[in-house]
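J.: model this:
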Amino acid sequence: MRTEILRMSNVTFRKNGKTYLRNFELSVAAGQIMGLLLVDGYGAKELVDVLLFNKVLYNGCVYYCGERVNSWRQFPRKRNRITWIDERGFLIHEQNTLTNIFVLQAEKHYEILHDRLMEEAFRPYLEEAGLQIDPYQPVGKLSAYEQVSIELLKGISSGSRLVILQNIDNALSDRDLEKFGKLIRHYAEKGTSFLFLCSHLETLQGVCGQIGIMKGGGILSVLDEADALKQVCEVYSAEFSKSVRMYTQNRVLNEHAPEVFRQSGISCRELKKFGFSVRKGECLCIQFLDNHVYETIEKAYLEGVATLSGEIDVEGKHWDRKDVQDVAILSRNPDEKNLFPDLTFFDNVAMTMDYRYPAVWRDGRARRNLREELKRILGHDLWDKSIQSMSKRERYEVLYCRLLLQRPKVIIEFQPFHQADVQDRFEIWKINEELLKEGIAVVLFSIGLSDSLAIADRLIRVESSGKWEEYRREDFGRLSRNIPWISMYR
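T.: Residues are numbered from 1 along each chain as shown. The predicted structure follows:
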């Protein structure tokens with residue numbers, strides 16, 4: 001009989017008068033890798049808070065390692081020895097591995113540092129995980145896979161019996177996810193339990209023995225891996241799956257469409273003289289397997305292309321960054337970072353169209369016509385609603401309206417599906433599909449592919465070595481089985 005490490009029994013959690021977990025039931029045995037598929041993402045953050053910090057419950061009990069650690073009438077409460085790893089990471093990048101492990105940890109707080117003793121104590125963990133790194137090197141210089149693995153080893157060495165993994169597929173490429181999957185299976189065989197929260201079923205498959213479907217702050221069902229795909233596709237993302245399948249079957253790319261954007265001569269770390277181009281109405285995904293190269297390029301585009309080597313041409317002419325009408329750049333989580341919450345809906349959508357129609361700010365008739373047109377496009381009226389009170393979906397609709405009015409030649413998006421649950425991913429996908437129909441080119445920069453293959457016409461994978469390879473849609477089937485939507489191409 002397997003030992004139970006975690007049990008949540010009839011847990012209801014409320015905060016500020018709002019219920020985030022309702023009659024939540026979950027059990028994780030020793031050595032089990034339990035997946036949680038986040039259909040809508042509701043209550044996921046609160047679930048982690050309850051497990052880590054034993055937040056006050058409205059009802060129910062939480063048992064950890066055979067002990068009741070939290071209930072609606074239990075005081076005092078203390079932090080559970082559970083390790084939490086998410087895409088952001090909790091290591092101090094300026095410090096080395098040994099400092100992160102032995103100093104910046106409550107259970108292993110040292111006032112006098114003995115580097116040799118710390119290295120001797122941690123070296124066996126590195127060797128067991130197959131990590132060949134310099135423990136005195138700053139963590140920030142390690143690859144994304146090495147950083148996530150160090151966080152795992154930090155938890156293992158501290159005695160955590162349960163490790164929570166949340167959305168790490170946003171930080172790791174599909175290759176790194178395969179390696180990390182082997183690593184957590186190794187520690188699962190030694191008795192460590194894992195709770196893997198993710199919004200992509202393909203990421204959970206092949207790693208998790210059981211997969212729970214979480215929606216609306218509750219567990220709808222717990223399925224074996226073989227049953228999960230059928231139920232998720234048929235019940236929870238049927239419309240999304242059907243739309244993507246029809247799109248991939250009917251998509252015909254105009255090979256004779258004119259080139260609208262070209263970037264050439266990018267050099268960064270091992271990457272030398274990299275370049276790419278995209279045609280009108282084409283979607284190109286560029287995946288960087290080296291997170292440092294990706295972060296450098298992302299920073300250069302968002303803060304000023306002048307810091308990035310190479311040339312950018314739009315429709316054959318050198319692009320001046322001041323020409324904001326031709327190129328739209330969206331950061332990660334654009335619904336939060338590319339909108340201005342203190343401005344009105346009209347101000348947010350019209351700020352990039354005034355180069356075509358300067359009188360839009362003072363022409364009342366034009367604004368009324370614009371309101372009716374946007375209402376027709378969206379199917380509802382957001383004109384009088386403040387950005388701050390909008391849902392995530394509505395904020396994405398504001399971005400969509402802005403891009404339609406701006407009509408750029410190309411849209412550059414950085415990890416567009418970042419931190420999005422199943423429903424949000426569908427909305428983002430639909431927006432990109434509509435923009436492509438309008439003849440606008442789309443370039444997706446990413447580390448993990450997420451839902452990129454559901455919309456991409458081409459893929460360029462840039463290796464850590466600096467080499468790169470291009471895949472056309474008919475070649476996608478050669479990619480890893482853990483990539484979302486790969487089944488559409490096999």
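
J.: The stretch 201-350 of the chain: helices as residue ranges?
T.: 201-204, 225-231, 238-250, 291-303, 334-337, 345-350 (DSSP state H, counting those that start in this stretch).

J.: tell me the most buried of those helices?
T.: helix 201-204 (a mean of 24; mean count of other C-beta atoms under 10 Å). Backbone N, C-alpha and C define where each C-beta goes, glycine included.

J.: neighbours of I211, just the number please.
T.: 27 (other C-beta atoms under 10 Å).

J.: and it, bridged to which residues?
T.: G35, L223 (DSSP bridges).

J.: Just name the shakiest helix or strand of the chain by mean pLDDT.
T.: helix 225-231 (a mean of 65; mean pLDDT, DSSP states H and E).

J.: Low-confidence regions, the stretch 151-300 of the chain specifically.
T.: 225-237 (pLDDT under 70).

J.: Okay, the residue minimising distance to the centre of the chain and G379: tell me how far apart.
T.: The centre of the chain sits closest to H418, judged by C-alpha atoms, centre = their mean, with a distance of 3.1 Å. Distance, H418 to G379, by C-beta to C-beta, to the nearest Å: 26 Å.

J.: ditto for Y355
T.: Counting by C-beta to C-beta, the gap from Y355 to G379 is 28 Å.

J.: which residues touch stretch 161-169?
T.: Applying C-beta atoms under 8 Å, 6 or more residues apart in numbering, the contact partners of stretch 161-169 are 5-6, 28, 30, 44, 48, 51-52, 64-65, 81-87, 148, 152, 155-156, 177, 180, 184, 187, 191-200, 203, 419, 448, 450.

J.: Kindly recompute the last result at 6 Å.
T.: 5-6, 65, 82-87, 155, 177, 193-197, 200, 203, 448 (C-beta atoms under 6 Å, 6 or more residues apart in numbering).

J.: what does stretch 397-414 give?
T.: 260-261, 298, 314, 326-332, 334, 348-349, 352-353, 374, 378, 431, 441-445.

J.: Got a ChimeraX select line for the buried ones in those?
T.: Burial among the contacts of stretch 397-414 is assessed by 16 or more other C-beta atoms under 10 Å; the matching ChimeraX selection reads:
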select :260,261,298,314,326,327,328,329,330,331,332,334,348,349,352,353,374,431,441,442,443,444,445
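
J.: where do the helices sit along the stretch 51-200 of the chain?
T.: 97-98, 115-129, 144-158, 174-189.

J.: CSV please, covering those helices and showing mean neighbour count and distance to L399.
T.: CSV is the format used below for those (neighbours: other C-beta atoms under 10 Å; distance: least, C-beta to C-beta, whole Å):
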stretch, mean neighbour count, distance to L399
helix 97-98, 22, 40
helix 115-129, 14, 41
helix 144-158, 22, 27
helix 174-189, 17, 27
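
J.: what would these look like in TSV with distance to S480?
T.: Below are these laid out as TSV (distance: least, C-beta to C-beta, whole Å):
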stretch	distance to S480
helix 97-98	28
helix 115-129	21
helix 144-158	14
helix 174-189	4
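
J.: what about these, which gets the closest to S389?
T.: Closest to S389 of these is helix 144-158 (C-beta to C-beta; 35.8 Å).

J.: got the angle between the closest one and helix 291-303?
T.: Interaxial angle of helix 144-158 relative to helix 291-303 (axes from the mean of the first three to the mean of the last three C-alpha atoms, to 10 degrees): 120 degrees.
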